[in-house]
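[1] Below are the sequence and a predicted model for it; my questions follow.
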Amino acid sequence: MKKVVVTGGSGFIGSNLVKYLLKKKYFVINIDKLSYSANPYNTSDLKKSKNYIFFKVDLNNKKKITKILKKYKPFGIFNLAAETHVDRSIDNPKNFIHSNILGTYNLLESILSCKQKIRLVHISTDEVYGDIIKGRSDEKYPYNPSSPYSSSKASADLLIKSYIRTYKIPAIITNCCNNYGPNQFPEKLIPKLIFNIINNKPLPIYGRGRNSREWMHVQDHCEALLLIFLKGKIGESYNIGSGMNLKNIDIAKRLLKITKYKSLKNYKKTKIKFVKDRPGHDFRYALNNKKIKKVLGWKAKISLDSGLSQTIDWYLNNRIFFTSVSKKLYINRLGLKK
């Protein structure tokens with residue numbers, strides 16, 4: 001059984017990837033420092049698995065990371081360990097520099113210290129390309145990050161590229177669009193809106209809700225990541241996009257429409273509330289995904305309506321998820337201090 005490491009494996013995408021890899025018969029080593037958005041509930045059902053092990057370790061603890069890699073000799077690493085919320089990056093950029101840039105540097109150095117070749121898939125974001133007012137950004141599109149978050153991710157991407165060229169690290173970079181699905185921390189748009197619908201609270205939408213994002217179910221993302229890990233070309237970057245863009249206001253309306261058919265008593269009372277916009281808010285992200293379609297034959301399978309319906313059902317059936325995170329961590333509005 002081949003061993004793989006997932007850093008940030010207790011977070012949203014990470015925990016979904018851990019479970020997907022276990023289904024594909026990999027032995028999974030989850031390394032996570034358990035920051036605010038990493039929830040032990042996400043992997044609580046894996047405690048008895050013989051093919052899963054968890055280490056509470058910060059990527060900046062190079063000594064411990066190196067020790068784990070040398071002991072388990074993994075075939076590959078999926079690097080998802082990162083601070084990810086733009087609003088939080090506006091309030092405290094230092095945490096993002098520390099986790100996203102220095103954490104990536106220490107992981108790379110740990111890989112270099114191992115004798116065996118470890119294949120690395122570094123998971124990044126579409127936000128590194130900045131505003132895409134028209135058309136779609138392909139893998140050759142210049143980086144133009146707008147927030148401390150996207151800047152930290154762009155920096156990590158460039159660091160990875162330098163280690164590929166200079167030290168021959170066998171790494172691949174992926175840039176994905178917005179994900180949604182089970183286990184997502186409720187400061188992000190879709191789980192926040194679902195939480196508020198369930199609890200009959202207003203749906204906060206920045207500005208007038210015209211900002212456009214490309215949406216993908218996390219399961220589609222996990223399938224793409226494993227395919228890239230197995231068949232992607234070392235040194236290359238791959239955009240993982242669904243091609244499905246929707247304005248934030250339309251996401252809120254779509255969720256309200258879907259909940260209408262789920263016998264929720266509160267959906268008629270729930271109202272959309274426009275709130276002060278985020279400083280420097282990018283208007284539109286949109287990925288060109290022709291490369292991954294043509295080269296690897298991948299495309300997203302889950303439609304937006306089907307995925308949103310499944311996601312609402314998951315949160316309705318796992319309401320303990322919301323109570324398993326501290327309200328102090330996500331109730332207050334962030335990103336307005338500066």
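    Structure received.

[2] all contacts plus neighbour counts: C-alpha atoms, from now on.
    Will do.

[3] Next, V5: secondary structure please.
    Of the three states, V5 takes strand according to DSSP: H, G, I helix; E, B strand; the rest coil.

[4] I'd like the distance between it and A38.
    16 Å (C-alpha to C-alpha, to the nearest Å).

[5] Which one of these two is surrounded by more residues?
    A side-by-side neighbour count of V5 and A38, using other C-alpha atoms under 10 Å, places V5 first with 27 against 23.

[6] List the residues that contact that one.
    V28, I29, N30, I31, P74, G76, I77, F78 (C-alpha atoms under 8 Å, 6 or more residues apart in numbering).

[7] Mind listing the residues bridging to it?
    Counting by DSSP bridges, V5 is bridged to I29, I77.

[8] quick one: it and K257, what's the gap?
    Taken as C-alpha to C-alpha, the span from V5 to K257 is 39 Å.

[9] Can you pull out the low-pLDDT segments for this structure?
    For the chain, the stretches flagged by pLDDT under 70 are 263-268, 326-338.

[10] please redo it, this time with the cut-off set to 50
    The model of the chain has pLDDT under 50 over residues 335, 338.

[11] Now do the strands in it.
    Assigned by DSSP state E, the chain shows strands spanning 3-7, 27-31, 52-55, 76-79, 119-125, 171-176, 178-180, 203-206, 212-217, 237-240, 245-247, 272-275.

[12] Let me know how buried S303 is, in neighbour terms.
    The burial count for S303: 14, using other C-alpha under 10 Å.

[13] Could you give me the buried positions within the lengthiest helix in the chain?
    Longest helix in the chain by number of residues, with DSSP state H as the criterion: helix 148-167. Residues of helix 148-167 classed as buried: 148-157, 159-161, 163-164 (neighbour count, 16 or more other C-alpha atoms under 10 Å).

[14] what does it contact?
    Helix 148-167 has contacts (C-alpha under 8 Å, 6+ apart) with 83-86, 89-90, 93, 96-97, 100-101, 104-105, 108, 122, 124-125, 127-128, 143, 145, 169-171, 173, 235.

[15] Next, the angle from that helix to strand 171-176.
    Calculated by axes from the mean of the first three to the mean of the last three C-alpha atoms, to 10 degrees, helix 148-167 forms an angle of 160 degrees with strand 171-176.

[16] ok, which stretches of the protein are helices?
    Counting by DSSP H, the chain has helices at residues 12-23, 62-72, 86-91, 93-96, 103-112, 148-167, 189-198, 218-231, 248-259, 290-296, 304-317, 320-323.

[17] ok, and for the last one, which residues are buried?
    Of the residues in helix 320-323, those scored as buried under the neighbour-count criterion (16+ other C-alpha under 10 Å) are F321, F322.

[18] How about the third one?
    With burial defined by 16+ other C-alpha under 10 Å, the residues of helix 86-91 counted as buried are V86, D87, R88, S89, I90.

[19] Can you add distance to N199 and give these back as CSV?
    Below are these laid out as CSV (distance: C-alpha to C-alpha, whole Å):
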residue, distance to N199
V86, 25
D87, 23
R88, 24
S89, 28
I90, 28
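
[20] quick one: which of the residues you listed is nearest M1?
    Closest approach between the buried residues of helix 86-91 and M1, by C-alpha to C-alpha: V86, at 38.1 Å.

[21] need the contact list for the closest one.
    With C-alpha under 8 Å, 6+ apart, V86 has these contacts: S147, P148, Y149, S150, G335.

[22] Those: which two are farthest apart?
    Within the contacts of V86, S150 and G335 form the most distant pair, 14.2 Å apart (C-alpha to C-alpha).

[23] What sits closest to W298 if chain neighbours are left out?
    Counting by C-alpha to C-alpha, 6 or more residues apart in numbering, I292 is the residue found nearest to W298 once chain neighbours are left out, at 5.9 Å.

[24] Then G207?
    D277 (4.5 Å).

[25] looking at it, the one you found is touching R210, isn't it?
    No - D277 lies out of contact with R210 (C-alpha atoms under 8 Å); the separation is 10.9 Å.
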